[in-house]
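Enquirer: Fold the following and give me the result.
(2 chains)
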Amino acid sequence: MSTVSVIGAGNVGATTVYYIAERNIADIVMIDIVEGMPQSKGLDFLHSSPLRQYNVRIFGTNSYKEIAGSDVVVFTAGIARKPGMDRMDLLKTNARIAHSAALEIARYAPDAVVVAVTNPLDVIAMVLLRGTGFDPNRVLGMAGVLDSTRFRYFIAEKLNVWPGDVRAMVLGGHGDSMVPLKRYTSVGGIPITELLDEHSIEQLIERTRAGGAEIVGYLKTGSAYYAPAASVAKMVESIVKDEKRLIPAAAYLQGEYGYSDIFLGVPVLLGKNGVEKIVEIELSEQEKNALDRSAEAVKAGIRSLDSLSL
Amino acid sequence: MREKLTTISSSCAGAVENRCIDGGQFALTRQSGHNIIIYYVKSTCKGVPMKRVSIIGSGNVGANTAFFLVEKGIAEVTLFDTKQGIPKGNALDIMEAAPIRTYRTSVSGAETFDEIRGSDVVVLAAGSVRKPGMQREDLFEENLQVIKQWAKPVGNLAPESTVVVLTEPVDLLTTVFVRESGMKREQVLGVGGILDSTRLVFALSRDMGVSPENVSALVIGQHGSEMIGLAQCSCVSGIPVLNLMLPEQFESLVNEVRNAGDFIVEMAKRSTAYYAPSAAAAEVADAVCRNTRRILSVSLVLKGEYGIEGIAMSVPAVVGERGVSRIFLPRLSAAQKIQFSRSAEKMLEKIGKEFS
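Expert: So this is what the prediction gives:
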């Protein structure tokens, strides 16, 4: 059985653990700096195992050395976004937390694939890459899967069809500058443009862009965690089972799509070695322009890391 | 009923054929040339309507119960909370995971309490939870008001429903709910023994190094420190546990389960357990919605069972579409009987004060 370590036992971390356990994907180590929290949630999960019939081990701890030998490390630690707070406001605090975690990951789980979830994740992924010194294929960020699942759900809701039948591809940075590609969006194989008019699609795209903010607006003191955790689990499953799924993820680019030294949401092939291939798809001029803007926003975040010497 | 959806080129046709939506089907009509008209054909057979579960209280337990139910495709879920926004936020978040998790059930956040009308199951997960050092009974006065607030409206809006009570102290409040709502005792079930039993199954499976699937265990009585673990009703693949371990070993595991809830509160500091409680609530709701008739240890108001009258305590019962249809009364040892009566008396005294 593979081992997946989840750093950060908050809502996103714990719900990710739930998804991994429910599908018996891997043994799990939950780690958090708050004493008692990962232990209590781990035990609570195990108490439900007779009802839910899972057969994986779940272990909560405050000590990084327990992540030894992990195949995948998911990084969800950090502070969450408050209503009205921009993702970039989170940057400083979360980058520092990520940097110290990266050193521990490199020390105890040198062979792991690292998935960044904490926002702003394009930047946090960079901190983790630099901090661990891992090959770029072994560090990636979760964004596109979440953005596309939201887009897919909104389309499914609009058309009153089963959400699983909707396919979509969302590129770019995770945030206001994401780039949903309607040309690569379909329902049961039918291009979305044949089922919905331009205006309706634009409305759904707008809703997707503001998808995270919509939930924060409702919850007020918290942010989304079910859909984010489902997205992480999907990526983890693809890595652990070497499924080689073609899904959007924030990957380190070295010339692909014309960008370098940046994490950006692009379609990747996800397998046991992490990002096994970055797939370059044809973009219209408009889409390329949108991706450029998205890359600029990510670069600005990465530049601010320099001032923190991270 | 055919509803024209769109016209597509014939090259896409393969992807469309045989795709079912809402029990209906896409139908293709080939036209001359390369175009195909797609019709959406609504299902002609009416089918069984989806069951509906309403959850009052969208905290950790409520939201995760919704989540468990939706994941398993058991029912349409309505989440309600007095705090506006929270249920809508949780519901939307869960639905946004649907494309990945591929469920077709839905969960929605209610704006008004009236939306619980006609539910098949109402889960009561509202009220305060314990902080470190508190006993479940310490929440009685506070959460009594919550039960009093919702019992009558639930009885009016969903009189045929089965109510699943999670609010602590669960046995006392299940009793109050029956009195206040005017519903039948078979319709109001507290999550007590089922949660204690799953924890005991976990502890047994861990100690013996076997899969939890092979272990069954039964805990009855008052939820909390006075629960009664029945070794005579616990087994591993049919083998009585006392053939496999000493009575003292079994007792020490029961003791661990007695303190399991407290242990989690102490560790978590700011919250109580919610994954196992939600799984337990979902199991009860599942039994009702799918009429599984599983035997679950649920808290219900006793009418002479084990000589007890007028207070809810957990006993194994068959749970199905009309709530409890049958109660089992396994033979108890003298000590177990005394413990059961003593818990009942204490609770009756507490509740008597409130209602005298």
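Enquirer: Just the terminal-to-terminal distance for stretch B:186-201.
Expert: The first and last residues of stretch B:186-201 sit 26 Å apart, counting by C-alpha to C-alpha, to the nearest Å.
Enquirer: what ranges do the strands span in chain A?
Expert: A:3-7, A:27-31, A:58-61, A:72-75, A:113-116, A:139-141, A:166-171, A:179-187, A:190-191, A:245-254, A:260-271, A:274-278 (DSSP state E).
Enquirer: Direction included, what does the last one pair against?
Expert: Read it as strand A:274-278. Partners of strand A:274-278 in the sheet, by DSSP bridges, are strand A:260-271 (antiparallel).
Enquirer: ok, back up a step: dump the strands of chain A into CSV; add mean neighbour count and mean pLDDT as well.
Expert: In this view, the C-beta of every residue, glycine as well, is placed from N, C-alpha and C. Below are the strands of chain A laid out as CSV (neighbours: other C-beta atoms under 10 Å in any protein chain shown; pLDDT from 0 to 100):
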stretch, mean neighbour count, mean pLDDT
strand A:3-7, 28, 98
strand A:27-31, 25, 97
strand A:58-61, 20, 96
strand A:72-75, 29, 98
strand A:113-116, 29, 98
strand A:139-141, 30, 97
strand A:166-171, 24, 92
strand A:179-187, 22, 90
strand A:190-191, 19, 88
strand A:245-254, 22, 95
strand A:260-271, 23, 95
strand A:274-278, 19, 96
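Enquirer: For residue A:208, which of these is the nearest?
Expert: Among the strands of chain A, strand A:179-187 comes nearest to residue A:208, with 5.8 Å by C-beta to C-beta.
Enquirer: Enumerate residues external to that closest one that contact any of its residues.
Expert: A:147-148, A:151, A:155-156, A:159, A:161, A:165-172, A:191-193, A:195, A:201, A:205, A:208-209, A:265, A:281, A:283-284, A:287, A:290-291, A:294, B:15 (C-beta atoms under 8 Å, 6 or more residues apart in numbering or on different chains).
Enquirer: Just list the residues touching residue B:236, thanks.
Expert: Applying C-beta under 8 Å, 6+ apart, we find residue B:236 in contact with B:204, B:208, B:210, B:214, B:215, B:244.
Enquirer: What separation is there between it and chain A?
Expert: Distance of residue B:236 to chain A, computed by C-beta to the nearest C-beta, to the nearest Å: 12 Å.
Enquirer: So for residue A:281, what's the nearest residue that isn't a sequence neighbour?
Expert: Spatial nearest neighbour of residue A:281, excluding adjacent residues (C-beta to C-beta, 6 or more residues apart in numbering or on different chains): residue A:267 at 6.2 Å.
Enquirer: now the residue nearest to the spatial centre of chain A: how far from residue B:202?
Expert: In chain A, the residue lying closest to the centroid (C-alpha atoms, centre = their mean) is residue A:142, at 1.6 Å. With distances taken as C-beta to C-beta, to the nearest Å, residue A:142 is found 31 Å from residue B:202.
Enquirer: Next, give phi and psi for whichever residue of the stretch 101-250 of chain A sits closest to chain B.
Expert: Ranked by C-beta to the nearest C-beta, the top residue of the stretch 101-250 of chain A for proximity to chain B is residue A:189, at 2.3 Å. Torsion angles at residue A:189 (phi, psi; degrees, to the nearest 10) stand at phi 90, psi -10.
Enquirer: got the end-to-end distance for stretch B:184-196?
Expert: End residues of stretch B:184-196 are separated by 25 Å (C-alpha to C-alpha).
Enquirer: ok, residue B:54 touching residue B:118?
Expert: No - Residue B:54 lies out of contact with residue B:118 (C-beta atoms under 8 Å); the separation is 9.1 Å.
Enquirer: Show me which of these two is the more surrounded one.
Expert: residue B:54 (28 against 12; other C-beta atoms under 10 Å in any protein chain shown).
Enquirer: centre of the chain versus the helix or strand containing that one, how much separation?
Expert: Secondary structure from DSSP states H and E places residue B:54 in strand B:52-56. Mean-position distance between strand B:52-56 and its chain equals 10 Å (C-alpha atoms, centre = their mean, to the nearest Å).
Enquirer: In terms of residue numbering, what are the domains of the chain?
Expert: In the absence of a named chain, this looks at chain A. A:3-141, A:144-307 (automatic domain parsing).
Enquirer: right idea, wrong chain: chain B
Expert: Taken from automatic domain parsing, chain B resolves into B:2-41, B:52-190, B:193-355.
Enquirer: any residue of the second one up close to chain A?
Expert: Right, the one you point to is domain B:52-190. Yes - using C-beta under 8 Å from any C-beta of the partner chain, we find that domain B:52-190 touches chain A at B:67, B:71, B:85-86, B:88-90, B:92-104, B:109.
Enquirer: Output the longest helix belonging to chain B.
Expert: Longest helix in chain B by number of residues (criterion: DSSP state H): helix B:334-355.
Enquirer: what's in contact with it?
Expert: Here helix B:334-355 makes contact (C-beta under 8 Å, 6+ apart) with B:137, B:140, B:144, B:171-172, B:175-176, B:179, B:220-222, B:226, B:228, B:230, B:302, B:306-308, B:310-311, B:313, B:332.
Enquirer: for residue A:208, what are its contacts?
Expert: A:147, A:150, A:151, A:154, A:170, A:178, A:180.
Enquirer: Kindly recompute the last result at 6 Å.
Expert: The contact partners of residue A:208, by C-beta atoms under 6 Å, 6 or more residues apart in numbering or on different chains, come to A:150, A:151, A:180.
Enquirer: Are there helices or strands packed against the longest helix along chain A, and which ones?
Expert: Scanning chain A for the longest helix, with DSSP H as the assignment, gives helix A:285-307. Identification of packing neighbours for helix A:285-307 by 3 or more C-beta pairs under 6 Å, 6 or more residues apart in numbering or on different chains; DSSP states H and E yields helix A:121-132, strand A:179-187.
Enquirer: The same query, at a cut-off of 7 Å, please.
Expert: helix A:91-108, helix A:121-132, strand A:179-187, strand A:260-271 (3 or more C-beta pairs under 7 Å, 6 or more residues apart in numbering or on different chains; DSSP states H and E).
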